[in-house]
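The following comprises the amino acid sequence and a computationally predicted model.
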Amino acid sequence: MNNTKNTQNNNIIENKEMIKTIEVKICDEQLDRMKKLYSLDYDNFIKHVWKPKEDGDINHTAEWYKNPQTYFNRFHTWLENIFKNNSKIIKETYKYSKNSNNGRLYVDGFGFQSLKKSIRNYLFHDLGKFDYDMNNAHFKICKMLCKDIPIETPILNEYIDNRKACLKKWECSKTDVLTMLNCDKWYEGPLAPFHDELHVIKILIKSNNQHIANETTNQKNPISSIVNKIFCYYENQLLQKQMIKMNNAHSLYFDGYIGSTDVDINLLNETTKEQGITWSVKPFENDINIDGIYDENMYDKIDEINHFEFSKKIFRSLISRCGGSTVEFYCIGEIDELKKNVKKIKTLILRKKGKNFTKLFHTKIWNFYLNI
């Protein structure tokens, strides 16, 4: 492995302080919107919320994200966990992709980063939250890394300086160009000259940044895959640099983040001026309206259901050390049955544990009995 570092960008590489855990605060209005979404049945979720293709979907590669039924189930489970914990603060943890120790950070499990754009907009609009985003991030990072490479980049420069005009001329979308960036081969069409230029650039960037990434399991596009990892490394460094300085991050979102306050765009741009990175700060614009559509009966019962279900979960964990199908059987019923069976369960556990039954365990069971 080549251990020679890219000296041009040491100010980014040496940023070792990383935000990997964020405590997310949920306000009452946001919790109310979550309950309304939870109270939609699957058909109404698909009809009024789900959008098959949205900006940002390209960042989600997991199959479950693309399957509406699977997404609906995971989204519901995430909401249930928020309700069951009865907390307005969620701790979200982020990690690197599998077999990586640097690069882009992904939420561990389902989280705010997993939300479809339409859902994200619905949950955050008019609540003082803003979408902080690096403009044209990977192409600008590509240009930044070209400073150390003796190569001309006319099409890349044109795309960065006049992206809208280029997309119109090429008759394609931003997603099309990003797809092309991550392909080793591109045979024809208006993007072919740009791909030819980028292919040479990527080979040189790969050679010049082997200390960051030089392996991949992607056999179809190995060069582009490795270069993407390099881009994501610098992207995360720049993102972390901004978040630490602004100290307003709500949650990470690939090449940007959700922030709690609006800031001067000039201050954002000044932070990454040396790297040629500019930022946009946008409010969340909602187009979901489910008032009168969600199940109001379900909405009204959420707190009651959550308390019971969460209590059962806690109680199951308390008695798990005792084992026994008889004890487990008494935990399956509805709330009225559970109330009747608590004393039976308590007796069974006491009989099995005898005098060694701990006071703490006894107290937790008694508290559970009083609270259901």
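Sure thing, it's come through.

From the centre of this structure outward, give me the first residue you hit.
Gln113 (2.1 Å; C-alpha atoms, centre = their mean).

Pretty sure that residue sits against Ala249.
No - between Gln113 and Ala249 there is no contact under C-beta atoms under 8 Å: 11.8 Å. Any C-beta I mention is one placed from the backbone N, CA and C, and that applies to glycine too.

so where is the chain shaky, pLDDT-wise?
Residue ranges of the chain with pLDDT under 70: 1-17, 55-59, 85-87, 303-372.

Buried ones in the lengthiest strand in it, by neighbour count?
In the chain, assigned by DSSP state E, the strand with the most residues is strand 89-96. Within strand 89-96, the residues that count as buried by 16 or more other C-beta atoms under 10 Å are 90, 92, 94, 96.

Show me how this protein divides into domains.
Per automatic domain parsing, the structural domains of the chain span 15-134+249-273, 296-371.

Please point out which parts of the helix or strand containing Glu235 sit buried.
Taking DSSP states H and E as the criterion, Glu235 maps to helix 222-246. By neighbour count on 16+ other C-beta under 10 Å, the buried set for helix 222-246 is 223-243, 246.

got it, and stretch 283-303?
Neighbour-count burial for stretch 283-303 [16+ other C-beta under 10 Å]: 284, 286, 288, 290, 293-294, 302.

Pretty sure Gln210 sits in a helix.
No - under DSSP: H, G, I helix; E, B strand; the rest coil, Gln210 sits outside any helix and is assigned coil.

Would you check which pair of the buried residues of strand 89-96 lies furthest apart?
Across those, the longest distance by C-beta to C-beta is 20.9 Å; it joins Ile90 and Tyr96.

coming back round to it: quick one: residues in contact with the longest strand of the chain.
By C-beta atoms under 8 Å, 6 or more residues apart in numbering, the surrounding residues in contact with strand 89-96 are 19-26, 82, 102-108, 111-113, 251-252.

Which ones among those residues lie within helices?
Secondary structure from DSSP state H places Ile82 of those in helices.

which of the contacts of strand 89-96 count as buried?
Here, 16+ other C-beta under 10 Å leaves 22, 24, 26, 82, 102-107, 111-113, 251-252 buried among the contacts of strand 89-96.

from these, which is closest to Asp184?
Among the buried ones among the contacts of strand 89-96, and counting by C-beta to C-beta, the member closest to Asp184 is Gly103, at 19.3 Å.

got the angle for the longest strand of the chain vs helix 222-246?
Relative orientation of strand 89-96 and helix 222-246, computed by axes from the mean of the first three to the mean of the last three C-alpha atoms, to 10 degrees: 140 degrees.

Going forward, count from 8.
All set: I'll call the first residue 8, so the last point we hit is now strand 96-103.

circling back: so which of the buried residues of stretch 290-310 belong to helices?
Using DSSP H, the buried residues of stretch 290-310 in helices are Ile309.

what's the closest of the buried residues of stretch 290-310 to Met41?
Nearest member of those to Met41, counting by C-beta to C-beta, is Ile309, at 9.4 Å.

And the nearest residue to that closest one once chain neighbours are set aside, which helix or strand is it part of?
Closest residue to Ile309 apart from its sequence neighbours, by C-beta to C-beta, 6 or more residues apart in numbering: Lys42 at 5.4 Å. Element membership of Lys42, judged by DSSP H and E, is helix 35-45.
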